[in-house]
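J.: Pasting a predicted model and its sequence here:
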Amino acid sequence: MSVEPLKGGVRRRLIMATVILASSVYVVDVVTIAIALPHMQGTFAATPVEIAWVATSFVLGATAMVACVGWISTRVGVRRLFATSIACFMVFAVGAANADSLAEEVVWRLLMGGAGAAIHPLAQLILLSTYPKALSGQAIAVWGTGTLVVPLMALPIAGYVIDLFGWSGVFYMALPIGAIALVGTLSFVPEVKNVTPRRPLDGFGLTLLIIGLGALQYALSRGARQDWFASTEIVVSAIVFAACAYAFAVHSVTTRNPLLPASLFRHRNLSLGLAGVFVFGLTLTLVNLLLALMLQNQLGYPVELSALTLAPRFVGIVIGQYLVVVLIVRMDSRHLLAAGAVIAASMTWVMSGWSLAISPWQVMWPLVLHGIGDGFIWMSMNPLAVGTVPEHHRSQAVPLYFLSFNVGFSTGVAAIMTYWTTSSQSNHTLLAELFTRFASPSSGLPSQWEAMGPTVAAAMTEEIARQAAMIAYNNCFFVISLGTLLLVPIAYLMRDPGWRHQ
C-alpha cells in the first residue's frame, strides 16, 4: 500500500497524532474495564469466572472482526473503515454503559470488540504507508508509546469516575477522545491506495474460525465448573473445536482464496511473530486483570487506590517503549525482545511471592519494571513481525497479527480464571484441614471451632478463603512467569531486519 504524497512534516505529525488518539480510545477501554470488573461483578451478582466474560466477549468480537479487516478495507477503503470503526465503537460504548443484565453487557461488549478490532490494524497500515521503510520501526514505536499516554492518565481518573458515577462511567471516558480522533481522521488522514488485489471473502473459513474459537472459549470457561471431560457439554465443545480446526486447515490449503493464504506463513518473522504475540496475549496482558481483582477483592483496596496502584505499570510501559524508539535503530531488535521477556518474567516471579500483608509500594515497584518489560516486548516484536512483510501482503498480515494476539488473550483469560478457581478451591481444602473439628481427637479438649466460638470461627473461615484465593493468585503469576520465558527462544529464531544498518 502507498499513500498520497504528504505536504510537509506537519501533516505527517497530524496523521500520527490522529492514529494515536484513535488507538487510545480502544486501549482506554481495555485498561479501565479491568478496575471496573469487581463493581460490575457486584451489580450483576456474578462469579469471577462469569464476570470474566465481559472481557472475553470483547476479545471474541474483536477476533471475529479482525479476520475480515483486510477484505473490508480493500472494498470500502482504509480511511472510511477507520472512521466507521471509531464511530461505532463510541455508540456501542454508550449501550454497554446502560446494560441492565450480565447477558446484555456481554452482547454490547461483543459489539464493541467487533467495532474496535479494526482500529489498531488500520492505524498501523496507515503509518506503514505514510513513513518510509527505513523509519517504519521507529514510526510504529512512536505510535505505540503515544497510544499509552492517554490511558496512563485515564487509569487514575477512572477510579474516581467509578466512585462518583459507578462502573458505567468508564464507558463514557473514551467518547471525547474518540470524537477528536474522528474529526482528525476525516480532516487529515488521506485515503490509502490499495495495491493488494481484491479477493472474495472466504465466508466458510471465517465461519469455521469463529465457531472453533467460540467452542474453545466455552470449554475453557466452563471446564472447571463442569468437571472437564466428565461433562457432555465440554466433550461436545472440544469435538467442535477439533473438527473446526481440522476443517479450517484442510480448507485453507485446498481452496483458491482462503481466509489465511499459505503464502503469508512463508515470511519467517511473521510466522514467529504470530507465535510470540499469541504468548504475549496469553500471559502478560492477564496481569492487569488479575491484579484488579486481587487488589479489590482480596486486599480490600478502594477503587481509587486500586487504580493508582496499577498506574505505575503503564508508566513503565511508556518508559520501555520510549527506550525502544531510541534503541531500535542502534541495536538488534531481537535483543530488546529477549530482554523484555526476561524482565517481565522476573517481575511476575516476584508477584508469585506476595502475601495479604503487602503494601501498595510493594505492588508498585514490580509493576514499573514489568511495564518496562512489556514495552520492550510489544514495541520490538511488532515491527519485527509486520514491519518486514512485503507491501502487498500487509493488508492481510497486520490483521492476522492482531488476530493472534486476540486469540491468545481470550484463551488466556478463560484458562487463567479457570486455573485460579481450581487452585483456590484446592488450597481452601488444604487450609481447612488444619481447622477441622477433629484436629486433636485424642486430646480430650474441645474442638478448635467450639473453643473459638461462632464469631471467631466465622472470621477464621473468611480468612481461610482469603488466604486460599491469594495463594491461587501466586500460582497464576508463577505460571505466567514461566510462559513469558517462551518469548526468548522465539526472539532469536527471528531474522534481524537490520534497521540499524540503514
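T.: All right, it came through fine.
J.: quick one, what contacts the closest residue to residue 131 other than its chain neighbours?
T.: Of all residues not flanking residue 131 in the chain, residue 139 sits nearest, at 4.1 Å (Cβ to Cβ, 6 or more residues apart in numbering). (Glycine included, C-beta is placed from N, CA and C.) By Cβ atoms under 8 Å, 6 or more residues apart in numbering, residue 139 lies in contact with 16, 127, 128, 130, 131.
J.: Now the two most distant members of the residues you listed.
T.: 16 and 128 (12.3 Å; Cβ to Cβ).
J.: Between those two, point out the one with more neighbours.
T.: residue 128 (24 against 20; other Cβ atoms under 10 Å).
J.: in stretch 155-164, what's buried?
T.: 155, 156, 157, 158, 159, 161, 162 (16 or more other Cβ atoms under 10 Å).
J.: Please report how far residue 95 lies from residue 168.
T.: The spacing between residue 95 and residue 168, counted by Cβ to Cβ, to the nearest Å, is 11 Å.
J.: What does the pLDDT read for the closest residue to residue 478 other than its chain neighbours?
T.: Using Cβ to Cβ, 6+ apart and skipping the chain neighbours, the partner closest in space to residue 478 is residue 352 (3.9 Å). At residue 352, the model reports a pLDDT of 91.
J.: hang on, residue 352 packs against residue 470?
T.: No: the criterion here is Cβ atoms under 8 Å, and residue 352 misses it with residue 470 at 10.9 Å.
J.: what residues are shared contacts of these two?
T.: Counting by Cβ under 8 Å, 6+ apart, nothing touches both residue 352 and residue 470.
J.: give me the number of residues near residue 326?
T.: Count around residue 326 with other Cβ under 10 Å applied: 11.
J.: and if you look at residue 246?
T.: 12.
J.: which SSE is it in?
T.: Using DSSP states H and E, residue 246 falls within helix 232-254.
J.: Report the buried residues of that helix.
T.: Buried, per 16+ other Cβ under 10 Å, within helix 232-254: 234, 237, 238, 240, 241, 244, 245, 247, 248, 252.
J.: could those residues be laid out in TSV, adding distance to residue 115 and pLDDT?
T.: Shown next, in TSV, are those (distance: Cβ to Cβ, whole Å; pLDDT from 0 to 100):
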residue	distance to residue 115	pLDDT
234	31	83
237	27	86
238	31	87
240	27	91
241	26	88
244	25	88
245	27	86
247	28	90
248	25	85
252	27	80
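J.: Throw the residues you listed into a markdown table and include distance to residue 328, thanks.
T.: Formatted as a markdown table, those follow (distance: Cβ to Cβ, whole Å):
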| residue | distance to residue 328 |
| --- | --- |
| 234 | 45 |
| 237 | 42 |
| 238 | 42 |
| 240 | 43 |
| 241 | 38 |
| 244 | 38 |
| 245 | 36 |
| 247 | 40 |
| 248 | 35 |
| 252 | 33 |
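J.: State the pLDDT value of residue 79.
T.: 86.
J.: Sorry, slip of the keys, the one I care about is residue 96.
T.: As predicted, residue 96 sits at a pLDDT of 91.
J.: Could you do residue 125 as well?
T.: pLDDT, residue 125: 81.
J.: In what element of secondary structure is it found?
T.: With DSSP H and E as the test, residue 125 turns up in helix 119-130.
J.: how far does that helix sit from the chain's center?
T.: 19 Å (Cα atoms, centre = their mean, to the nearest Å).
J.: What of stretch 206-226?
T.: 18 Å.
J.: do the same with stretch 404-416
T.: Worked out by Cα atoms, centre = their mean, stretch 404-416 lies 8 Å from the chain centre.
J.: Just list the residues touching residue 109, thanks.
T.: 54, 55, 57, 58, 61, 96.
J.: Mind doing that once more with 6 Å?
T.: Contacts for residue 109 were tallied using Cβ atoms under 6 Å, 6 or more residues apart in numbering; they are 54, 57, 58, 96.
J.: now do residue 427
T.: If you count contacts by Cβ under 6 Å, 6+ apart, then residue 427 has 468, 471, 472 around it.
J.: tell me which of those is nearest to residue 43?
T.: residue 472 (24.0 Å).
J.: Output the contacting helices and strands for the helix or strand hosting that closest one.
T.: Assigned by DSSP H and E, residue 472 falls within helix 448-484. Using 3 or more Cβ pairs under 6 Å, 6 or more residues apart in numbering; DSSP states H and E, the elements in contact with helix 448-484 are helix 333-351, helix 394-432.
J.: Take these and write them to a markdown table, including distance to residue 40.
T.: Formatted as a markdown table, the helices and strands packed on helix 448-484 follow (distance: least, Cβ to Cβ, whole Å):
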| stretch | distance to residue 40 |
| --- | --- |
| helix 333-351 | 24 |
| helix 394-432 | 15 |
